[in-house]
Structures are given as C-alpha cells and as structure tokens.
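**Q** Test case, fold it:
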Amino acid sequence: MTPRPVLPRLVLTDIEGTTSAIAFVKDTLFPFAEAELDAFLADRGAEPEVAAILAEVPGPDRAATLRGWMAADAKVTPLKALQGLIWAAGFADGRLRGHLWPDVAPCLRAWHAAGVALAVYSSGSVGAQRLLFGHSEAGDLLPLFSGFFDTRVGAKREAASYAAIAAQTGQEPGGILFLSDVAEELDAARASGLATCQLVRAQDGTVACGRHPAAMDFPGVASLFQLPLPG
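**A** A predicted model of the protein is given here:
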C-alpha cells in the first residue's frame with residue numbers, strides 16, 4: 001500500500017493502543033480509584049460536587065455500591081464521574097502520570113515544531129484526555145495540541161465523525177492523518193477521506209489488518225508519511 005507523499009497538515013491520534021498502553025486504564029487507573037475511594041469520600045464527600053454524585057448512588061452503604069460497580073466495571077454515570085474526580089486529584093498531586101510509549105512524546109514535539117497541527121480523538125472524555133497529556137510521564141504536552149475530541153463528535157467507527165472533526169479543525173480531510181490501533185476506526189476515517197496508519201504495538205498484541213499502512217511506533221509513522229524524526 002503506497003503511503004501518502006504529502007506531509008500531513010494535521011495528525012489526529014487515538015490514545016489507548018496508539019500513544020499509550022491498552023492496559024493503563026485497567027491496571028493503573030481503575031485500581032487507583034478503588035484504593036483511594038474511602039479516603040476520597042472521607043475528605044471530600046461533603047463538597048457540593050461530590051455530594052451531588054453520591055446522591056445518585058443507591059443503597060444504604062454508598063461506598064459498597066460503588067465498589068460493586070467497580071468490580072463489575074459498570075458503565076454508570078455516578079461511578080464514572082467519581083472516578084474522574086479521584087483520578088484528577090491523583091494527577092494533580094503527582095501520584096498518577098499518564099502513560100505514553102517512550103517514542104511518542106519526542107515525535108509529537110518534532111511534528112509540532114515542524115508546523116504540523118496535532119489533535120486527539122478518543123472514546124475517553126476530553127477531560128480525561130487532557131489529564132493524561134497534561135500530566136504525562138513526558139511532562140505537560142497540552143501546548144502541543146490544538147484540539148481534543150471525544151464521542152460527543154460521534155462514534156469512532158462512523159465516517160461522519162471524521163468529517164465533523166475535519167470541519168471543526170478547518171482542515172481538508174486529505175490533509176489529516178489518523179493514527180489508531182483499531183482497523184474499523186481507520187476504515188471509517190478513510191471513508192471520510194483521511195489518510196490512515198495502524199499502530200501495531202507488540203506490547204498490546206495488536207495485529208495488522210492489512211487494509212491500512214502499519215507502523216510499530218511513531219518513528220515508523222514518521223518514516224511512512226514524511227514526518228520529521230526527533231533530532
């Protein structure tokens with residue numbers, strides 16, 4: 001498959017499996033929220049924002065209900081909201097750092113320095129995206145990015161979502177390169193005219209689909225799409 005010969009004007013990147021380990025949420029963020037739950041509720045349970053969340057948690061023992069939801073990985077709004085607050089506290093005081101593969105930040109910095117715009121599109125909320133990149137293992141990377149998008153713009157496997165992102169960023173679809181480990185997301189992006197590249201990281205067990213250009217890491221992406229490599 002022939003890579004695009006023209007330097008992308010914007011690189012749009014997924015997070016889990018692309019910039020960061022798929023296991024980061026399951027192995028780091030979820031256990032952190034569970035371990036900190038009791039102390040967080042004791043310290044901040046009376047705050048209006050936290051109290052409003054707890055008011056939506058049923059049962060006489062709200063902490064027990066929350067733990068049950070955590071064990072079941074329940075997709076319920078009060079739990080997600082509370083986990084977000086616990087993670088925000090952990091990022092703010094340095095107990096948490098957003099995981100990035102070591103090749104990611106140097107390439108992002110090199111691409112930004114070359115005038116390539118950068119944006120994120122992830123199923124995680126924009127707030128969670130900003131926490132990860134703002135408190136990453138490589139430092140605060142937020143100044144590198146010009147946009148953050150989550151599923152409020154549309155589902156990641158729907159072509160219309162990528163058309164909407166192109167419109168919101170003011171870029172022609174053909175000038176945007178989308179990076180993801182998920183073939184179906186790449187299919188949707190290509191259907192809207194975006195260039196695509198699948199990240200096939202051995203650590204995450206990703207398998208190349210064969211329908212898109214593939215790279216093992218961000219320097220591999222740079223080589224395929226004539227993006228600058230870190231100096």
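
**Q** SS state for the residue of the chain most remote from its centre?
**A** Here the centre of the chain is the reference, and by Cα atoms, centre = their mean the most remote residue is residue 60, at 35.4 Å. Put simply, residue 60 is coil when judged by DSSP: H, G, I helix; E, B strand; the rest coil.

**Q** Pass me the low-pLDDT residue ranges in the protein, would you?
**A** 1-6 (pLDDT under 70).

**Q** Next, give phi and psi for the residue nearest to residue 65 when sequence neighbours are not counted.
**A** Spatial nearest neighbour of residue 65, chain neighbours left out: residue 59 (4.3 Å); criterion: Cβ to Cβ, 6 or more residues apart in numbering. Placement of C-beta: from N, CA and C, glycine included. Backbone torsions of residue 59, given as degrees, to the nearest 10, read phi 100, psi 160.

**Q** What separation is there between residue 59 and residue 69?
**A** 11 Å (Cβ to Cβ, to the nearest Å).

**Q** ok, the two, which is more surrounded?
**A** Taking other Cβ atoms under 10 Å, residue 59 and residue 69 do not tie; residue 69 has more neighbours (18 against 10).

**Q** Just confirm the more buried one contacts residue 79, I think it does.
**A** Yes - contact criterion Cβ atoms under 8 Å: residue 69 and residue 79 qualify, at 4.6 Å.

**Q** Tell me where the protein has helices.
**A** All helices of the chain, identified by DSSP state H, fall at 23-24, 30-44, 48-54, 62-72, 77-92, 104-113, 126-134, 159-169, 183-191, 218-224.

**Q** In JSON lines, list those helices along with distance to residue 17.
**A** Shown next, in JSON lines, are the helices of the chain (distance: least, Cβ to Cβ, whole Å):
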{"stretch": "helix 23-24", "distance to residue 17": "10"}
{"stretch": "helix 30-44", "distance to residue 17": "17"}
{"stretch": "helix 48-54", "distance to residue 17": "30"}
{"stretch": "helix 62-72", "distance to residue 17": "23"}
{"stretch": "helix 77-92", "distance to residue 17": "19"}
{"stretch": "helix 104-113", "distance to residue 17": "12"}
{"stretch": "helix 126-134", "distance to residue 17": "14"}
{"stretch": "helix 159-169", "distance to residue 17": "18"}
{"stretch": "helix 183-191", "distance to residue 17": "10"}
{"stretch": "helix 218-224", "distance to residue 17": "13"}
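
**Q** For residue 149, find the nearest of the ones you listed.
**A** helix 159-169 (5.5 Å; Cβ to Cβ).

**Q** contacting residues around residue 186?
**A** 178, 180, 196, 197, 198, 209, 211, 212 (Cβ atoms under 8 Å, 6 or more residues apart in numbering).

**Q** Let me know the closest of the residues you listed to residue 155.
**A** Closest to residue 155, out of all of those and judged by Cβ to Cβ, is residue 180, at 13.3 Å.
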